[in-house]
Structures are given as C-alpha cells and as structure tokens.
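Q: Using only what follows, build the 3D model:
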Amino acid sequence: MTERNRLEGHSNSILGIEFAPNGTFLASVSWDESLRVWSASGQERYRIPKAHREAVTAVAISPDSTAIATGGNDRTVKLWQAEDGIHQADLKGHDNIVTSVVFSPDGRWLASADIDGTVIFWDRRRQEEVRRWQAHENWILDLAFSPDGSTLATASRDRSLRLWSLDGQMQAEFLGHTEGLTAVDFSPDGNELVTASADGSAIVWTRSGLILTTLADHEGWVRDARFSPDGTTIATSDDQHISLWERDGTLRDRLLGHHDRIWSLSFNPTRSTLASASADNTIRLWDYADRAFATLPDQAFSSVAVSADTANTTDTANTVNTVDSRRWIAAAAGNTIYLYTSSGKPITQFEGHTEDVLTVAFNPQGTAIASAAEDGTARIWSIIDRQEPTILTHGGHVLAATFSSDNKTVATAGDDGVVRLWDAQTGARQRTLYGHTDRALSVAFDPRNELLATASADNTVRLWTRTGTEIATLNGHNSSVNWVTFSPDGQRLASASADNTIRIWTRDGLPIVTLVGHTGPVNGVMFSADSQTLASVGDDRTLRLWQVNGKALFAFEAHDNRALSVAFSADNQQIFTASADRTLRAWELDPENLIRQGCRWVKSYLEDNPSVTEENRRVCDGFVR
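A: Modelled structure (predicted):
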C-alpha cells in the first residue's frame, strides 16, 4: 500500500474524514474549527474556517453526496450544501459535545451522538428532531447504520457495542473489549461488524454477536476501523500505524507515515483509495490496491533472497509444497526465516536462531538456505526434507553468509572482521581469512568459483582466491562497505557503501564507475540476471535502477522506512525489496513499467499538492494518463 498524496492545510488535529458515496470528493473536520472539502485526488475545493464555534469532531456525507453534516464541541449539528459549502441548518438539541454523526442509507434520517450517551434522530428534510434516547451512560464515540437501514450501532466508552431499532429499542449488546470502544462499522453485506477499542484491538463480530476474529498487534489505542467497499479488507488505525487486514484476520500491510495519532479512516467507494486523518494535521491518501508482497506485524525484514527457478517439488511430509510456484522467496525478520511462493503465499518458517537473522541466501539449486545471525552462528537449512540445520559456529555476530556457485562451500563474515569458509555438506571449517581491520559485512563468490569478495566496515573491499589468498584491496569508499556482489557473467563487481555511493569494479578490482544518487547509506545492490542492470536500496527508502555504465535509469521511494535488501528474480522479470517498514515488495523489472507504477502513486501529489513546483508537476507526463 503506497501513499499517493498528502493533504495539508488544517492547523490542528484532524478529527474526522469522510469520502462522498459517489467517490468524487472528501470532507475533513478539525480541532481548528474548520470544515474542508477536497477532490478525491486531494485538491482543496473550499474551506469553511469557522464551521463551528469550537472544535469540529464529526463529519458525514449524505448517500446522494449532496449534503454534509458536522458535529462539534459547541453541542450543535450543522448541515451544509456539499457542492459549495452553503450553510443549510443548525440542529440544536444536544446538551454536550457531539461525537458522531451519520446518515441513514436512504438519506432520510441523520443520527447524532454525544458524550452523555444520548442519540438523537433528525429528519433531514424537515431539519428537526424526531426522537432521542439514552443509549449509554458513558460517551458514545461512534455510530453506524446497517446497510439495510434497519439497525443503528453505538460504540461506547462503557466497553459495549449496542444495536438499536430505529425507534430506540435495544436489539443486542456485545461485550468483548476490555477498554472503551472508539469506532464501529458494518460490513457492506451487513452480516458482520468491526469495532475498535482503547484496549489495542479490533474485533470482528457476526450480526448475532459471535466474535469471528480479534485483530491485535496494534500500538496504543485503535482509533478507527473500517471495512473496504468490497468487504474483503479491514483498515485499522492506532497511535502510529494503519494496518490492512484480510477479513479472516490476516495482516496484509502496515503503513508508516503519520507522526501522531490517526483519528479517522475512510475508503473511497469507487476507487482503491484509503484516506487517513491524523493529529499531525495531515490527511494522507493511500492506494490500497497496491499491497505488499508480505507484511509482518512487529518485525523488520532485514534480508531477501530469490531462488533459481526450480522444478515443482513436494516433500514427503508435505511440509513444503510449491506446486503453484517455480520460484521461492526467502526473507529474514527477527530470528525467523520465512519462505514464500512467487505469488506471496507463505510456505513455511525456519526457526532456531536465538537472535536476529541478518542475511539469507539460496544455494544455486534452490534447495537450501544459508542464514547469518547475531547469535554467533550461520545455519544451512534444507528446504526439501526439513532436516535439522547444519550449524556453523562463528563466534560473535555473523553478519553475512553465502554459497559458492558450485554449492561446495559456504562463506561467512563476522563482526570480528574474519571471513570463514565451510564445507557446505558437512559444515566442517575449511579456511579462515584474516585481513579486514573492522567488521566484515558482506561476502560474495564469483560465478566462476575462482574469486571471493568481502566488504567491511574498514571502508574496503578485498578480493581473495578460492583458497583464501588475498590478491587485492579495493579502496575508494570513505565509509563502511555494506554489500558486495559479482555480476552473473563474472565480469564486474559492485559495492554499496554508507558513503551513499555504489562503485563498480572489474573482477580484478580496477575501478570502473561510481554511482551517485542515494541521499543516505546504500544497504544493498544486485545485478540483474543479464548483468546489464543494477538495483540498489538504501536508508533513503528508495529503489534505484542503473545501467552498468553508471547511468541512472530511475529512482522512487519504495518503502515507508529504510530499504535494507534487494534481489532480482532469475528470469530478470522482478525485483524484491525488504524494509524496516516490515514489508517485502515485488516490482516488475521493466523500467518503463516501474516508472509508470511509481508515477501512478504520486500522480495526485504532483497534480494537487501546492508545495510541488510547476516544473516538477510534469515529471511523469507520458507515463500516467
């Protein structure tokens, strides 16, 4: 899921946001007392600076998209003409702060709630109160009508969700949260509800009150919870993140970007856009059709590797089943290694390391994985038979591990600056390579099995013979060299450094070109399968593509936090990236497609954000229509 635009203008916390049912605009309200209306792509249409005399706490848009209702700390509900913001009515009747407003699906009624626990029904056309009742003895923080309009749901700080008939008779009460409720929403088919709570969870319920699943792994209060228009996805927000869940409770994506509490969420009913409103005074628009390849709730992905295309394989224990994929993707997060099919389906996990795994690598046949971890070991895992791993005890943190191209040797690099070579079949130590004066961060064999390259925090790359004799020291970087890799044809070597550059060398260690463009440390670099293109990722969150002659092809922000690792598929069609934002992402390699994809994400930002210069508004001309 990718940020498409950032809407700025409110001068205080944005407390509510709502897309119009026709999908053409959205409305936002704020502690700054204003109502603002924006186009669906994020261009401000108009603002009402003093919509209420105090903070505006709630907003709703009528089913026909012609009217906007707002509620505020001034105890009033107001109606506005959506097209131009003309004030239509003040609805007075609440004795305390109004917390929620919602239109009935047929547009006839408007319901509002306050912190006294009172619900008031208003006739929209006659603009007068129809009925009221005491729904709770504590704050009501959200209201929702069922899609058929027969039921009103109330979510309260008293920890209960209650369902009401339109004449104010309670139909059911749901109890399950351990702290107050903050939000409620019906699924589009009306068969389920989702509630958000200050207990750090959201719960999915059946209409009869059975708990289907609990969505945990939030940070602080869950401020809002909403079903997507097609009902397949649930979005939740907490003090820092937006989480995207499958309806069965599977976490699919987590978004970082806001810098304070995220008060409100709204899906566009006609486009794949999610809007979020935050106490950081911004609204962000996200493309939720673009989902991460994989997401974890609480761990950064530190490394990613892609196997060679393999024959379909099913082990006898049915532990690893890849009948739907000829390619496996391995990723490290925390002390676990995750294995996926090429479509993103989880296959299995490899557990055994007791501290964080820093790198993973496949053997040439795609039947085993080497891992390096901070627990002082590297391990060789068999994918097919799932035998106990071969443990290579290195001493100190092991920072990298890789296979030789003939599958006979595993090389490991440690924080003691030492590189060790091991028999890939037995785990016996073969040789120890001394030379680096600081941590050894990366290691790579050349495809001909003649050379070994190592990279270090001593700012150098060193070349060794296969038997462990040092033949060259490559100087040029002025900070730690984080990654080193040979091109598949064996002709070049690339190194990525904390000095923000990438250097390309001949296989003998002669400098060819320096690639400049990253604005922070470069964490990973990899050649394409045809050896003609490089991909790099870094702390600046970008994925960059380069020609081997040093020409920059393009760059765009690929993640919401540091990008830590990059890998090409063997068929040259995809790039995989791993990030501290807890996601893995898969990208089509074709540069034009990548540019088009990146431009699609930022199209609204370029067109509608006032901070973009006129020159920059046209950078994607020709790629997005």
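Q: How about the contacts made by S112?
A: 58, 69, 71, 77, 91, 94, 98, 100-102, 119-120, 122, 143 (C-beta atoms under 8 Å, 6 or more residues apart in numbering). All C-beta atoms are positioned from the backbone trio N, CA, C, and that covers glycine.
Q: first to last residue in stretch 68-86, what's the distance?
A: Terminal residues of stretch 68-86 lie 10 Å apart, using C-alpha to C-alpha, to the nearest Å.
Q: Turn the contacts of S112 into TSV, columns for distance to V184 and secondary structure.
A: Shown next, in TSV, are these (distance: C-beta to C-beta, whole Å; DSSP: H, G, I helix; E, B strand; the rest coil):
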residue	distance to V184	secondary structure
A58	14	strand
A69	18	strand
G71	16	strand
V77	19	strand
L91	22	strand
H94	19	coil
V98	17	strand
S100	9	strand
V101	14	strand
V102	10	strand
V119	13	strand
I120	18	strand
W122	20	strand
L143	7	strand
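Q: What subset of those residues is buried?
A: Listed as buried from the contacts of S112 are 58, 69, 71, 77, 91, 94, 98, 100-102, 119-120, 122, 143; burial here means 16 or more other C-beta atoms under 10 Å.
Q: now, among those residues, which is nearest to R544?
A: A58 (44.0 Å; C-beta to C-beta).
Q: Can you tell me how far the nearest residue to that closest one once chain neighbours are set aside is from A292?
A: Once flanking residues are discounted, A58 sits nearest to G71: 3.9 Å by C-beta to C-beta, 6 or more residues apart in numbering. Plainly put, G71 is 36 Å away from A292 if you go by C-beta to C-beta, to the nearest Å.
Q: what comes up buried for stretch 527-537?
A: Within stretch 527-537, the residues scored as buried using 16+ other C-beta under 10 Å are 527-529, 531, 533-537.
Q: R585 is in contact with A567, isn't it?
A: No - using C-beta atoms under 8 Å, R585 is not in contact with A567, being 11.3 Å away.
Q: Give the intersection of the neighbour lists for these two.
A: Joint contacts of R585 and A567 (C-beta under 8 Å, 6+ apart) are F576.
Q: check contacts around G366.
A: 307-310, 327-328, 383.
Q: got TSV for those residues, with pLDDT and distance to S243 too?
A: As requested, those are arranged in TSV below (pLDDT from 0 to 100; distance: C-beta to C-beta, whole Å):
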residue	pLDDT	distance to S243
S307	93	30
A308	85	34
D309	73	34
T310	59	34
R327	79	28
W328	91	27
I383	92	30
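Q: What ranges does the chain have for its helices?
A: 591-608 (DSSP state H).
Q: can you pull out the strands in the stretch 501-625 of the chain?
A: Ranges of strands in the stretch 501-625 of the chain, per DSSP state E, counting those that start in this stretch, are 501-506, 511-516, 522-527, 533-538, 542-547, 552-557, 563-568, 574-579, 583-588.
Q: JSON lines please, covering those strands and showing mean pLDDT and distance to N138.
A: Rendered in JSON lines, the data for those read as follows (pLDDT from 0 to 100; distance: least, C-beta to C-beta, whole Å):
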{"stretch": "strand 501-506", "mean pLDDT": "98", "distance to N138": "59"}
{"stretch": "strand 511-516", "mean pLDDT": "97", "distance to N138": "59"}
{"stretch": "strand 522-527", "mean pLDDT": "98", "distance to N138": "49"}
{"stretch": "strand 533-538", "mean pLDDT": "96", "distance to N138": "49"}
{"stretch": "strand 542-547", "mean pLDDT": "94", "distance to N138": "48"}
{"stretch": "strand 552-557", "mean pLDDT": "86", "distance to N138": "43"}
{"stretch": "strand 563-568", "mean pLDDT": "96", "distance to N138": "45"}
{"stretch": "strand 574-579", "mean pLDDT": "93", "distance to N138": "41"}
{"stretch": "strand 583-588", "mean pLDDT": "86", "distance to N138": "38"}
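Q: Adding distance to P49 as columns, could you present the ones you listed in JSON lines?
A: Putting those into JSON lines (distance: least, C-beta to C-beta, whole Å) gives the following:
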{"stretch": "strand 501-506", "distance to P49": "49"}
{"stretch": "strand 511-516", "distance to P49": "46"}
{"stretch": "strand 522-527", "distance to P49": "46"}
{"stretch": "strand 533-538", "distance to P49": "42"}
{"stretch": "strand 542-547", "distance to P49": "38"}
{"stretch": "strand 552-557", "distance to P49": "33"}
{"stretch": "strand 563-568", "distance to P49": "41"}
{"stretch": "strand 574-579", "distance to P49": "40"}
{"stretch": "strand 583-588", "distance to P49": "39"}
